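Trainee: No sequence on hand, only this structure:
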């Protein structure tokens, strides 16, 4: 019996009362969870490399962080150390899942935190949750980022006429499985939206898990429109209105609110990967970003650190703890007109 099939069989046989909860959080391949004195660990197995997440601080708290380890146990940066490309042909990309579909906590790679853990966004001292704008509940895709990309705030895009938002490229993964926070997923790119968020360019890459049943049928933006009617329109609506309950105006989009195709999206990825290289090699203003990593040989200054130093960053972070309660207000519906 295949290894992960055997493990799932054993889970069903001996701990059936928690198997459904474990299954709900499994990635496309398989995930196992370990509980140790150092915190909660979740391991993701892919065809060529495994990453494990290390949770620190109590969930739903200002101290909560999700760090990453590679298959050797070394702490790595999901921003700088995880490679952009997942295959030698450079046609499949690694995506770091920050927010599983249907959840509300606005989690993101901390670009200014050492080793760039995932943390929850904070506004006015409070943890940030996206509102449920009827009929959407939480995020309507698995949401995350492409590693080794950066939207340079010093660069004005020739099409949007706006500068970058100082973050890695955002990705909306549109497959059917609900991913887990911290999962490193292999995706193929299908297109992009050009959102303008408070005067900044904020590209949204549309992609699908290569293991999804629809992946063979989806190769470009037109395929989404054919196979998943209404999905792109709902994606535009979600991004347009999601900040309105917080008192913000409707977001706008370049290109007359039309999506761009795969070729255009690949150009944006290539451009932002180049901007990340300028960043990591010190050829542009770092804008407060932490460049600490353990693998990038071209790193400027002393930013390439040893495995021991990287481990000490995690060891010095707050200890794990029980999850804090979440306010029932997070589940409230908000009714927003998109016009």
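Mentor: Alright, I've got the coordinates. As the structure is a computational prediction, the values presented were derived from the model and not from experiment.
Trainee: can you point me to the longest strand in this protein?
Mentor: If you go by DSSP state E, the chain has its longest strand at strand 184-197.
Trainee: gap between that one and the chain center?
Mentor: 11 Å (CA atoms, centre = their mean, to the nearest Å).
Trainee: Same question for stretch 119-132.
Mentor: Distance, centroid of stretch 119-132 to centroid of chain: 16 Å (CA atoms, centre = their mean).
Trainee: check contacts around residue 240.
Mentor: Contact analysis of residue 240 by CB atoms under 8 Å, 6 or more residues apart in numbering lists 250, 251, 252, 253, 338. In this view, the C-beta of every residue, glycine as well, is placed from N, C-alpha and C.
Trainee: Quick check: which element contains residue 54?
Mentor: strand 50-56 (DSSP states H and E).
Trainee: And that strand, what does it pack against?
Mentor: Here strand 50-56 touches strand 39-45, strand 65-69, going by 3 or more CB pairs under 8 Å, 6 or more residues apart in numbering; DSSP states H and E.
Trainee: Give me the helices and strands touching the longest helix anywhere in the chain, please.
Mentor: Ranked by residue count, the top helix of the chain under DSSP state H comes out as helix 262-280. Packing partners of helix 262-280 (3+ CB pairs under 8 Å, 6+ apart): strand 184-197, strand 200-209.
Trainee: among those strands, which is nearest residue 317?
Mentor: Smallest distance to residue 317 across those (CB to CB): 20.7 Å, for strand 184-197.
Trainee: mind listing what's buried in the closest one?
Mentor: By 16 or more other CB atoms under 10 Å, the buried positions in strand 184-197 come out as 184-197.
Trainee: List just the nearest of those to residue 157.
Mentor: Nearest member of the buried residues of strand 184-197 to residue 157, counting by CB to CB, is residue 194, at 8.1 Å.
Trainee: quick one, what contacts that closest one?
Mentor: Taking CB under 8 Å, 6+ apart, we find residue 194 in contact with 159, 160, 201, 203, 204, 253, 254, 255, 260.
Trainee: From the residues you listed, keep the buried residues only.
Mentor: Buried members of these, counted by 16+ other CB under 10 Å: 160, 201, 203, 204, 253, 254, 260.
Trainee: ranking the helices and strands packed on strand 50-56 by mean pLDDT, which is last?
Mentor: Mean pLDDT is lowest for strand 39-45 among the helices and strands packed on strand 50-56, at a mean of 54.
Trainee: for the stretch 51-200 of the chain, what spans make up the strands?
Mentor: Under the criterion DSSP state E, counting those that start in this stretch, strands of the stretch 51-200 of the chain are mapped to 65-69, 75-76, 93-99, 107-109, 118-120, 122-123, 126-127, 132-133, 142-145, 163-164, 170-173, 184-197, 200-209.
Trainee: of all the ones you listed, which lies closest to residue 221?
Mentor: Among these, the nearest to residue 221 by CB to CB is strand 184-197 (3.4 Å).
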